[in-house]
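1. here's a sequence, model it:
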Amino acid sequence: MTAEYKVHGDVAVITMSNPPVNGLGYATRVGITDGLAKALADSAVKAVVITGAGKAFSGGADIKEFGSPKALAEPNLLSVILALEASTKPLVAAIHSVCMGGGLELALGCHYRVAAPGTNVALPEVKLGLIPGAGGTQRLPRVLGVEAALNMIVSGEPVKSERLASLPGQKLFDKMAGSAESVLEEAIAFARDAAAKGGDLPLVRNLPCRHPQGDAYFQFAKNMVGGMSKNYPAPLKCVEAVQAATKMKFDDGMAFERQNFIALMFTPESAALRHLFMAERAAGKIADVPEDTPQRPVKTVGVIGAGTMGGGISMNFLNAGIPVT
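-> This is a model prediction of the structure:
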C-alpha cells in the first residue's frame with residue numbers, strides 16, 4: 001500500500017507515499033479509498049486530512065503505469081475523487097511543494113484546501129498532448145475564475161500557491177499555512193474546526209462558472225491559442241473543455257472533458273510527446289549505476305580533437321561554466 005493511515009485524536013490523516021512525487025498509481029488510489037472508508041466507519045474520527053509524504057503533495061498520474069491496465073483499473077482517479085466528494089466528514093487537502101495534474105484534481109475533490117507557500121501548482125497535461133482528464137477543466141475555473149484557470153490549463157506551466165491565493169475571489173485555497181513544515185498541523189486544526197462548526201460540506205462542483213463576455217471571450221481565446229499551437233490539437237481542446245464548464249451542467253461537462261481526453265490519448269501528437277517525456281527521463285539514468293552513487297566534482301575538462309563532436313562537447317561544458325582545454 002502506498003498511502004498510510006494514522007489517527008491524530010479525532011482527525012484521520014491519509015498520507016500518499018509513492019516516491020518521488022507521490023504519483024497516483026493503482027496502489028496509492030486503493031490506499032486513499034481504503035483509508036477514507038476506515039475514517040468514515042470510525043465514529044471517533046470527526047474529520048479527514050489527505051497529504052503527501054516527502055517533497056510533494058502529488059505530481060499526478062504515475063508515469064510508470066502509462067499505457068498499462070493499472071492506469072485505468074478501479075478505483076481510477078475519477079472514482080477516487082467521487083469518493084472524496086461523497087465523504088460525510090470534512091475532508092481537507094494539506095498541499096505542499098508540488099501539486100500538479102491529477103494531484104491538483106484530487107485536491108479539488110476535497111471540501112477544503114490548506115496550502116503551504118512556495119507550492120508549485122499546475123495542470124501540465126497539455127505538454128503531453130492531452131487535456132486534464134479528472135475534472136481539471138471543470139473544477140479549476142470554478143475556484144480561480146475562467147481566465148486564470150484557462151491560462152494555467154493551456155500553458156501547463158506551474159504557478160506558485162501564494163500568487164494563486166492572492167487572486168480576487170479565489171476559492172482554490174481556504175487557508176495559506178505558515179510553512180511547508182507546519183501545513184499538516186494547520187490542516188488538522190482546520191479540519192477539527194470544520195467538524196465542530198457542522199453544516200453542509202462545500203463542493204467545488206456546486207460553484208458557478210461563467211465569463212462576463214461569454215462566447216466572445218472564448219472565440220478570442222480560440223483565435224489566440226489556435227495561432228500559437230499550430231499543429232498541436234490539445235491546446236484548442238483545453239479551451240473547448242473550459243468553455244463547456246461555462247455552458248453545461250457539471251456532469252455533462254465532465255463527460256465532455258473525458259471524451260476529449262480519451263480521443264487525444266490516441267493522437268500521434270500525444271504519443272510522440274509522451275514518448276519524448278519518458279525518453280528525457282530515461283536519458284538521465286544509467287541502467288547499471290545506482291541513483292545514490294556518489295559523484296566526483298568536475299572542475300576542468302580536456303577535450304582531444306576539435307572536430308564537430310569535440311567542439312560540441314567543449315561548448316556544452318563551457319555553457320555549464322566549466323573551463324575547457
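2. residue 5 - that's part of a strand, no?
-> Yes: counting by DSSP: H, G, I helix; E, B strand; the rest coil, residue 5 is part of a strand.
3. okay, the spatially most central residue of the chain: pLDDT?
-> Residue closest to the average C-alpha location in the chain (CA atoms, centre = their mean): residue 100, at 2.0 Å. If you check residue 100, the pLDDT there is 95.
4. if I look at it, how far off is residue 112?
-> 20 Å (CB to CB, to the nearest Å). (C-beta placed from N, C-alpha, C; glycine too.)
5. neighbours of the residue nearest to residue 232 when sequence neighbours are not counted, how many?
-> Computed as CB to CB, 6 or more residues apart in numbering, the closest residue to residue 232 that is not its neighbour in sequence is residue 269, at 5.7 Å. Applying other CB atoms under 10 Å, we find 15 other residues in the vicinity of residue 269.
6. make sure I have this right: residue 269 is in a strand.
-> No: going by three-state DSSP, the assignment for residue 269 is helix, not a strand.
7. residues contacting it?
-> For residue 269, the contact set (CB atoms under 8 Å, 6 or more residues apart in numbering) comprises 129, 231-234.
8. where does this structure dip in pLDDT?
-> Applying pLDDT under 70 to the chain picks out residues 1, 67.
9. helices along that one, start to end?
-> Taking DSSP state H, the helices of the chain run over residues 26-41, 77-85, 102-108, 136-144, 146-155, 161-165, 183-197, 215-229, 234-247, 250-265, 268-283, 308-319.
10. wait, which of those is closest to residue 47?
-> When those are compared by CB to CB, helix 183-197 sits nearest residue 47, at 3.7 Å.
11. who are the packing partners of the closest one?
-> Judged by 3 or more CB pairs under 8 Å, 6 or more residues apart in numbering; DSSP states H and E, the packing partners of helix 183-197 are strand 11-16, strand 47-52, strand 91-95, strand 112-115.
12. tell me which strands the shortest one pairs with, and in which orientation.
-> In this case it means strand 112-115. Applying DSSP bridges to the sheet, strand 112-115 is found paired with strand 91-95 (parallel), strand 175-176 (parallel).
13. buried residues, the first one. List them.
-> The one in question is strand 91-95. Buried positions in strand 91-95, judged by neighbour count with 16 or more other CB atoms under 10 Å: 91-95.
14. what's the closest of these to residue 60?
-> Nearest to residue 60 among those, counting by CB to CB, is residue 95 at 13.1 Å.
15. that closest one touches residue 119, doesn't it?
-> Yes: counting by CB atoms under 8 Å, residue 119 is a contact partner of residue 95 at 5.7 Å.
16. what touches both of the two?
-> Common neighbours of residue 95 and residue 119, using CB under 8 Å, 6+ apart, are 57, 161.
17. okay but the residue nearest to the centre of the chain is in contact with residue 119, surely?
-> No: when contacts are counted by CB under 8 Å, residue 100 is not listed as touching residue 119 (9.7 Å).
18. if we can go back for a sec, ok, which of the strands paired with strand 112-115 comes nearest residue 275?
-> Of the strands paired with strand 112-115, nearest to residue 275 by CB to CB is strand 91-95, at 30.6 Å.
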